[in-house]
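Engineer: model the following, please.
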Amino acid sequence: MIYTRPDYFSEFHCIADKCPETCCAGWQILIDDSSLQYYKTLTGAYADVLRSRIDFREGCFHQDPCKRCAFLKEDNLCDMYEHLGEESLCLTCTNYPRHIEEFENIREITLSLSCPEAAHIILSRKDPVTFCSEEADEPEETFEDYDPFYFSYLEDAREVILHLLQDRSLDIRVRYVLVWQFGQEMQDYLENCELFDLVDLFDRYEDPDYLDRAKAQIMSQIISYTEDAESAFSYSKSLFSFLYELEFLSDDWQDYLDECWEILYEGNASCRASNGAVNQASSRASNYAQLHSEFRSWLTAGSLSIDTIFEQLLVYFIFTYFCGAVYDDNVLGKIHLTLNSVFYLYEMMVVRWFQNGHTLSLQDVVEIAYRYSRELEHSDLNLEKMEGA
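Structural biologist: A predicted model of the protein is given here:
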């Protein structure tokens, strides 16, 4: 078995009751079969208390009306842990925030962005991430509908994408567009059953001359896009509205989206266009353009390394999800999930910057990221919808 992890993986240590958003509230905690059996057969003074807090039919822990785990005390520490120790925890509690993607004889393990401490580790990192692999002597396994040959091509493609994303000689926006173009082209190759020709695609996106030409063309497109306020506004509004089609996991997420929508697309007193003669739609587009222009100016003059933050986000999503295309052939869907997620996070950062009186801290970015991740990555339905967006 080969285990691959990002180089920051070992930095994580749970901060328990000091965590600003406990992982023991807000979602249902499922219990693995082995742990359920242990809980059923446990004896001793704490056994009855423990079993009264477990839904054995559904295989999960009971929650209070605020969706807090029945074992979570008021001080945000675990009552089961205190009475029975770490070995009593189920796999969900033991593993989180470690996220595991399973492939035949391969396990890729990351820290989940939905954990505040993990998000801080990921987004405060300045250097490009590297990935470390080690082999463990474990029995070989066989997965149905798994093609190791195809998986090797996906690994090679991911290497090309990660190299593009971590090429700091390129503007982060150029890297973003290059990855989108790469995904489009790779999906076309796959749909045309041209798997063996993927090597040519990989070579092209590693060719410095090709990247120089592409860079110039993409920057020209970015400038045109930025200058066309109404098109940028319409595109952003349409894409952001997709978030309302997803499953809401936390009670306040829709309210949060409504706040963002109001500031980004409905206008506000501080950022309305001054020309009263323009129609309402044009006024809102002008407001959107002004808001983003001021935010970009603030970023240029400030100390927040936003390009590095976006690089880490893009690398996180690509590493975590891209090779999952071995099961569904949806390479472009993994690219959409990655790029659209970073787009949404950028828009939410603009909103937070505005709400804060034109300032934004790393902690603000961390909070936005883990809240978004909790809505997306803890719902199979939302992940599927995002990949089809």
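Engineer: from here on, contacts and neighbour counts on C-alpha atoms
Structural biologist: Noted.
Engineer: how is this structure divided into domains?
Structural biologist: 24-95, 148-388 (automatic domain parsing).
Engineer: hey, where'd the strands end up in this structure?
Structural biologist: 2-6, 54-55, 60-61, 98-103, 106-111, 131-135 (DSSP state E).
Engineer: save those as a markdown table, and put in mean pLDDT too.
Structural biologist: What follows is the strands of the chain, written out as a markdown table (pLDDT from 0 to 100):
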| stretch | mean pLDDT |
| --- | --- |
| strand 2-6 | 97 |
| strand 54-55 | 96 |
| strand 60-61 | 96 |
| strand 98-103 | 95 |
| strand 106-111 | 97 |
| strand 131-135 | 95 |
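Engineer: rebuild these as JSON lines, extending it with distance to residue 78 and mean neighbour count.
Structural biologist: Converted to JSON lines, those look like this (distance: least, CA to CA, whole Å; neighbours: other CA atoms under 10 Å):
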{"stretch": "strand 2-6", "distance to residue 78": "28", "mean neighbour count": "17"}
{"stretch": "strand 54-55", "distance to residue 78": "14", "mean neighbour count": "18"}
{"stretch": "strand 60-61", "distance to residue 78": "12", "mean neighbour count": "19"}
{"stretch": "strand 98-103", "distance to residue 78": "19", "mean neighbour count": "16"}
{"stretch": "strand 106-111", "distance to residue 78": "21", "mean neighbour count": "20"}
{"stretch": "strand 131-135", "distance to residue 78": "32", "mean neighbour count": "12"}
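Engineer: can I get those strands in JSON lines with distance to residue 243?
Structural biologist: Putting these into JSON lines (distance: least, CA to CA, whole Å) gives the following:
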{"stretch": "strand 2-6", "distance to residue 243": "29"}
{"stretch": "strand 54-55", "distance to residue 243": "32"}
{"stretch": "strand 60-61", "distance to residue 243": "28"}
{"stretch": "strand 98-103", "distance to residue 243": "23"}
{"stretch": "strand 106-111", "distance to residue 243": "24"}
{"stretch": "strand 131-135", "distance to residue 243": "31"}
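Engineer: out of those strands, nearest to residue 179?
Structural biologist: strand 131-135 (19.5 Å; CA to CA).
Engineer: leaving out sequence neighbours, find the closest residue to residue 4.
Structural biologist: residue 133 (4.2 Å; CA to CA, 6 or more residues apart in numbering).
Engineer: nearest to residue 142, out of the domains of the chain?
Structural biologist: Using CA to CA, these put domain 148-388 closest to residue 142, at 10.3 Å.
Engineer: endpoints of that closest one, how far apart?
Structural biologist: 24 Å (CA to CA, to the nearest Å).
Engineer: returning to that earlier point: residue 327: which of the strands of the chain is closest?
Structural biologist: strand 98-103 (9.5 Å).
Engineer: distance from stretch 323-342 to the middle of the chain?
Structural biologist: 12 Å (CA atoms, centre = their mean, to the nearest Å).
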